[in-house]
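J.: Could you look at this predicted model? Sequence included:
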Amino acid sequence: MTSSSQTQEGLSTAPLLVLASASPRRIALLEQIGLVPDRVLPANIDETPRKGEVPRVYAQRMAAEKACLVASTIAEPALVLAADTVVALGRRILPKAEDRESARFCLERLSGRRHTVLTAVTVTPTSSWAQGRHGVRLVETSVTFSRLTVYQIDALLEAGDWSGKAGGYALQGHAASFIRALSGSASAVIGLPLFETAQLLRGQPGGWLA
C-alpha cells in the first residue's frame, strides 16, 4: 500500500490525498485498492436535510460540503476525498442510527421491502493545487430485506453494529443474513464506491492509481 505522495513517480512534492472522513470502513476500502490517505480529517457539518430535499440531492450536497470544508483548511497542494451514504425509501431519507430506538425505527421500515442506498463521492482540489480537477459521482444501489420478526430485529439491535449507520444496518455486519438481494455496488453500500472512486483518482494529473 502507498500514500499519494509516493505514487506519482516518487515525487515528494506530489499533492496530498486527504480523506474527509474518520470512518474506518472508508479507510479500509481505500486500503483494499492500495491507497492510504496522507491525512484523515473528518468534516464537522450540519447534516440536517433541507425541507423537501430529495435523497439524491442531499447525498451530493453532503459530500460536496464535507470536501469543500476540509479543503478550505489545507494550505498545501492536496486532493480532498469525501463521501456520503444515504438510505432512502422512495423520497424519504432514513436517519443514521444513533440509538436503539432510531435503529429499530429504520429496521421496522426496511423489513420485507426494497430500498435504495445512494452514495455520493466527491474529490476537490485545494486552492493551492491549480491542476487538480473537481469530480463527483453518485452511485445508486438497490437492497432488499427479508421480512424481519420482532425477535430478529431485537437480535440485530443486540449485535450493536447498527451504531452510526445510515438506515440502522451494516452490509458487512449481522444484517447481511437478512438481505435477499442487492443490485449495484456493495462497496457503495458500505460507504465508498470503489470503482467510481478509482475513476475519479485516475482522472487527476499524475494519477494516484494505475
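T.: The structure has been received and is ready for your questions. Numbers count the residues shown, from 1 in each chain.

J.: next helix or strand past the helix or strand containing residue 56?
T.: Applying DSSP states H and E as the criterion places residue 56 in helix 55-71. Using DSSP H and E, the helix or strand that follows helix 55-71 towards the C-terminus is strand 78-89.

J.: The following helix or strand past that following strand packs against which elements?
T.: Remark: after strand 78-89, the chain's next helix or strand is strand 92-93, criterion DSSP H and E. In terms of contacts (3 or more C-beta pairs under 8 Å, 6 or more residues apart in numbering; DSSP states H and E), strand 92-93 is packed against helix 55-71. For the C-beta atoms, the positions are set from N, CA and C on the backbone; glycine is no exception.

J.: Now do the helix it packs on and strand 78-89, the angle between them.
T.: Helix 55-71 runs at 150 degrees relative to strand 78-89, counting by axes from the mean of the first three to the mean of the last three C-alpha atoms, to 10 degrees.

J.: Now do the end-to-end distance for stretch 143-158.
T.: Between the opening and closing residues of stretch 143-158 we find a distance of 22 Å, counting by C-alpha to C-alpha, to the nearest Å.

J.: picking up where we left off before, what packs against the helix holding residue 56?
T.: Identification of packing neighbours for helix 55-71 by 3+ C-beta pairs under 8 Å, 6+ apart yields strand 78-89, strand 92-93, strand 114-125, strand 135-145.

J.: now what about it, what contacts it?
T.: Residues from elsewhere that reach helix 55-71, judged by C-beta atoms under 8 Å, 6 or more residues apart in numbering: 18, 20-21, 41, 43-45, 47, 49-50, 53, 78, 80-86, 88, 91-93, 116, 118-127, 136, 138, 140.

J.: Please dump the helices and strands packed on helix 55-71 into JSON lines; it should also carry mean pLDDT, distance to residue 154 and mean neighbour count for every row.
T.: JSON lines is the format used below for these (pLDDT from 0 to 100; distance: least, C-beta to C-beta, whole Å; neighbours: other C-beta atoms under 10 Å):
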{"stretch": "strand 78-89", "mean pLDDT": "97", "distance to residue 154": "20", "mean neighbour count": "26"}
{"stretch": "strand 92-93", "mean pLDDT": "96", "distance to residue 154": "24", "mean neighbour count": "16"}
{"stretch": "strand 114-125", "mean pLDDT": "98", "distance to residue 154": "21", "mean neighbour count": "24"}
{"stretch": "strand 135-145", "mean pLDDT": "98", "distance to residue 154": "16", "mean neighbour count": "18"}
